[in-house]
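Asker: Starting from these lines, generate the structure:
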Amino acid sequence: MLKPTSNMFEKASKSKYALIILLSLSFMLAYGQRNQIMDKPKVDERIEILSIVFRLAGNQEYSSAIFKRYVDRINEYYDPFKEHELITFVKKIKNENGIGYDAVMSMAIHLDDKLNLKEKNID
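Answerer: Predicted structure coming up:
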């Protein structure tokens, strides 16, 4: 009868590692995210306008001033609309229902390109 040697265990251990690496690579190739590069970056206008609306309504999470030039342009163009009925409505739902953070983006994706509620979302 043969006695197991440490050399046999080393070979078995190396085989296990090789098998684990092979399975991991196979899994990554089969289920990994494909790299798709956009031709050109673009702005989703639905998200942009709702971010600005909630900024004007005073939502702190949309009131960052990190990009000063961008913020200055927003303020210059949209400050005259701070008392618009939409901004008043947004302030109301923010205070009554705690609308903010990701809820704003969730609303944005349910709008069409003309900023109307998509038909398939209407019950």
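
Asker: For residue 87, grab the count of nearby residues.
Answerer: 19 (other CB atoms under 10 Å). Every residue, glycine included, has its C-beta placed from N, CA and C.

Asker: Can you read off the pLDDT for it?
Answerer: Residue 87 is assigned 92 on the pLDDT scale.

Asker: hang on, it is in a helix, isn't it?
Answerer: Yes: looking at residue 87 with DSSP: H, G, I helix; E, B strand; the rest coil, it is inside a helix.

Asker: So it is in contact with residue 81, correct?
Answerer: Yes: using CB atoms under 8 Å, residue 87 is in contact with residue 81, at 6.6 Å.

Asker: so what sits against both of those two?
Answerer: Jointly contacting residue 87 and residue 81 under the rule CB atoms under 8 Å, 6 or more residues apart in numbering are residue 56.

Asker: and the host helix or strand of residue 107, what other elements does it pack with?
Answerer: Taking DSSP states H and E as the definition, residue 107 sits inside helix 102-108. With contacts taken as 3 or more CB pairs under 8 Å, 6 or more residues apart in numbering; DSSP states H and E, helix 102-108 sits against helix 45-56.

Asker: Identify each buried residue in the helix it packs on, please.
Answerer: 46, 50-56 (16 or more other CB atoms under 10 Å).

Asker: Are there helices or strands packed against it, and which ones?
Answerer: helix 68-78, helix 85-97, helix 102-108.

Asker: Since that was my last question, I'll sign off now.
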